[in-house]
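1. have a look; sequence and predicted model below, questions after that.
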Amino acid sequence: QKEVEQDPGPLSVPEGAIVSLNCTYSNSAFQYFMWYRQYSRKGPELLMYTYSSGNKEDGRFTAQVDKSSKYISLFIRDSQPSDSATYLCAMSVKDTGNQFYFGTGTSLTVIP
Amino acid sequence: GAGVSQTPSNKVTEKGKYVELRCDPISGHTALYWYRQSLGQGPEFLIYFQGTGAADDSGLPNDRFFAVRPEGSVSTLKIQRTERGDSAVYLCASSPGRGTSKFFGPGTRLTVL
């Protein structure tokens, strides 16, 4: 079993829709949770960075962490064609290591 | 530059050859990481440098892989006796310090024929 599970999709939505992306994990020691966006043939770009449980909002993006369920989500409001990319969740253990554990990524297409 | 840069952007080599991949981190970032991303997968950790020393090399798959960061800035990932299974995108990332988030470069796409 992988430490981080993410549905690879693909996910296709109309422009303006609300998108929900999710990851589950098995290691209860994870404390830092990230979402990265990766365009084709580009490196991952940091979108959201949260510590422990709770919500964090940045513009059209909201990240949620539920440590009791080992479940994290990224919501995209008013989705745009430019949001079409692969979204990777990543997480790391507080203080005990610096490697990120990534999900496989969810491919998202926003149709104009 | 403003971001992490990696060279070359693409590298095609033959099985058994030696390759070097270079990473220039963001200026002032003390931590540097190498990850490998296979097609349809998320990045997998290879090695982490804090300054000049490899603080964690537990992700290196075998002794054909080696990385250096002699002056605490630029890093080189070296792969000996390349195999077709080494084909992947090799990503470099840097961060200001331990535990903080990482900024990735565009990657080097390695193809071993």
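-> Noted; the coordinates are in hand.

2. B:Ser101 and B:Ile47, how far apart?
-> The gap separating B:Ser101 from B:Ile47 is 18 Å, by C-beta to C-beta, to the nearest Å. For every residue, glycine as well, the C-beta is placed using N, CA and C.

3. ok, the residue of chain B found nearest chain A - how many residues close by?
-> Chain A sits closest to B:Gly42 of chain B, with a gap of 3.1 Å, by C-beta to the nearest C-beta. By other C-beta atoms under 10 Å in any protein chain shown, 24 other residues sit near B:Gly42.

4. before we move on, what about B:Leu77?
-> B:Leu77: 23 surrounding residues under other C-beta under 10 Å.

5. B:Lys17 contacts B:Thr82, correct?
-> Yes - B:Lys17 lies in contact with B:Thr82 (C-beta atoms under 8 Å); the separation is 5.4 Å.

6. out of these two, which sits in the more crowded spot?
-> In terms of neighbours (other C-beta under 10 Å), B:Thr82 is the more surrounded of B:Lys17 and B:Thr82; the figures are 21 against 14.

7. I'd say that one and B:Val12 touch.
-> No - using C-beta under 8 Å, B:Thr82 makes no contact with B:Val12, being 10.6 Å away.

8. A:Leu47: which element?
-> Under the criterion of DSSP states H and E, A:Leu47 resides in strand A:45-51.

9. run through the neighbouring helices and strands of that strand.
-> Contact here means 3 or more C-beta pairs under 8 Å, 6 or more residues apart in numbering or on different chains; DSSP states H and E; on that basis strand A:45-51 packs against strand A:30-38, strand A:54-58, strand A:61-66.

10. residue contacts, B:Lys102?
-> By C-beta atoms under 8 Å, 6 or more residues apart in numbering or on different chains, the residues touching B:Lys102 are A:46, A:100, B:31, B:33, B:93-95.

11. any idea of the pLDDT on residue 100?
-> Because you didn't say which chain, this covers chain A. On pLDDT, A:Phe100 comes in at 88.

12. wrong chain, I was asking about chain B
-> 65.

13. what lines up beside the strand holding A:Leu47 in the sheet?
-> Here strand A:45-51 has these sheet partners by DSSP bridges: strand A:30-38 (antiparallel).

14. follow-up on the earlier one: so which of the helices and strands packed on strand A:45-51 is nearest A:Val93?
-> Taking C-beta to C-beta, strand A:30-38 is the member of these nearest to A:Val93, at 5.9 Å.

15. the closest one versus strand A:61-66: what angle between them?
-> 150 degrees (axes from the mean of the first three to the mean of the last three C-alpha atoms, to 10 degrees).

16. now do strand A:30-38 and strand A:54-58, the angle between them.
-> 30 degrees.

17. which other residues reach strand A:30-38?
-> Counting by C-beta under 8 Å, 6+ apart, A:21, A:44-52, A:61, A:63, A:65, A:72, A:74, A:83, A:85-94, A:100-102, A:105, B:99, B:101, B:104 sit against strand A:30-38.

18. and that strand, what's buried?
-> Using 16 or more other C-beta atoms under 10 Å in any protein chain shown as the test for burial, strand A:30-38 gives A:30-38.

19. and what of stretch B:7-14?
-> B:11, B:13.
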